[in-house]
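Q: Predicted model and sequence follow; I will ask about them next.
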Amino acid sequence: MEMQKAVFMNKELNLRLAGLLYLPTNFDLSKNYPAVVVTGPMLSVKEQAQSVYAKRLTEAGYVTLVFDGAYFGESEGMPRGQELPDVKESDIEGAVDYLTSLPYVDNERIGGLGICGSGSYMSVAGVKEPRLKAITAIVPAISDISNSPMMGFFKPEEEVKAAKEAYDKGEGELIYLNFMPRAFDEGAAYYYSSRGNSARWSNQVVAWSQLELVKYNVVNIMKEMQKPYLVITGENAWSKPSSTEVFDAVPHSNKEIFVVPEASHFDMYDLEPYVTAAFERILPFFDKYL
């Protein structure tokens, strides 16, 4: 396969986003290809789990696009490290804008695949972005954060609000949430090892992100989902309850959930045989709908 650097806009924020475009082996400029936007875990950068899945899709003949979200990696946006659901969705819209600008992408065959937090962001994009025709969510971790284990990463709300107000007035410093501490053994085994470590990745997220995340109720939004939808979770994934909630909220029957035996949440990012087991469902799904 061929990899090209890509730059496109988040038009809502007027920010440039840095991406990687993967083209299939023996790419033929005269052909029209199906394409998939692939997004990764919260705080992640394009070289991490999303590229694992993007490359596998490209090996199967899809054009794929991964990117750093606004405020992360090589993309623009200040202050750095803001994990904001509305921004994530507008990033995905910008990615679709970019794919539709490529003459060899079939605009009627564009799908989305998201992993972990962006499994949920991508699911919501499937509701809101008409150009996405089918959605796959890998261990989607956000259903209603206010009732999830992720609340353990958050600071007291009044402390965060006061810090944001002071910063906005130019009177205070940014405060951060430690979103992936080394003490979180399973996460650390991915992010602090050769599996997932990246020089551009940080576990620090601007604390005021929690004010938006805590209001982000994916279950309510997914009640409007009308597109083909595939959820893949792990038998032992800590996110499995959230993944199931999101799946159950979809009102139609053109949906599928697959539980990978023995897999934990982070196993699904990059480890075998779990990723191959996921692709035994992903490829037939996208082949059917794209």
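A: On my side now, so go ahead. Numbers count the residues shown, from 1 in each chain.
Q: Give me the average confidence score over the helix or strand hosting Ile232.
A: Per DSSP states H and E: Ile232 is located in strand 229-234. The average pLDDT for strand 229-234 rounds to 98.
Q: neighbouring strands for that strand, and are they parallel or not?
A: With DSSP bridges as the test, strand 229-234 is paired with strand 135-138 (parallel), strand 255-260 (parallel).
Q: Where does pLDDT dip in the chain?
A: Residue ranges of the chain with pLDDT under 70: 182-183.
Q: Find the residue at the geometric middle of it.
A: With distances taken as CA atoms, centre = their mean, the residue of the chain nearest its centroid is Ser118 (2.6 Å).
Q: could you pull out the strands for the stretch 151-290 of the chain?
A: 176-178, 204-206, 229-234, 255-260 (DSSP state E, counting those that start in this stretch).
Q: And the contacts of the strand holding Ile232?
A: Contacts to strand 229-234, defined as CB atoms under 8 Å, 6 or more residues apart in numbering, come from residues 119, 123, 126, 134-140, 239-240, 243-244, 246-247, 250, 254-260, 262-265, 267-268, 274, 278, 281-282, 285. All C-beta spots, glycine's among them, are computed from the backbone N, C-alpha and C.
Q: Figure out how far it is from the centre of its chain.
A: Computed by CA atoms, centre = their mean, to the nearest Å, the separation of strand 229-234 from the middle of its chain amounts to 13 Å.
Q: do stretch 3-23 as well
A: 15 Å.
Q: re the thing from before, most packed of the strands paired with strand 229-234?
A: Mean neighbour count (mean count of other CB atoms under 10 Å) peaks for strand 135-138 among these, with a mean of 30.
Q: Dump that strand to CSV, keeping only the CA atoms.
A: Taking C-alpha atoms only, strand 135-138 is exported to CSV below (Å, rounded to 0.1, in the frame of the first residue of the first chain):
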residue,chain,number,x,y,z
ILE,A,135,-20.6,2.8,10.7
THR,A,136,-18.5,0.4,12.7
ALA,A,137,-17.7,1.0,16.3
ILE,A,138,-14.9,-0.9,18.0
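Q: Identify the residues contacting it?
A: Applying CB under 8 Å, 6+ apart, the set of residues contacting strand 135-138 from outside is 53, 111-116, 119-120, 122-123, 125-126, 227-233, 243, 246, 268, 278, 282, 285-286.
Q: Could you tell me how many residues sit around Glu171?
A: 8 (other CB atoms under 10 Å).
Q: Make sure Tyr98 is actually in contact with Val63.
A: No. With contacts counted by CB atoms under 8 Å, Tyr98 stays clear of Val63, the gap being 10.9 Å.
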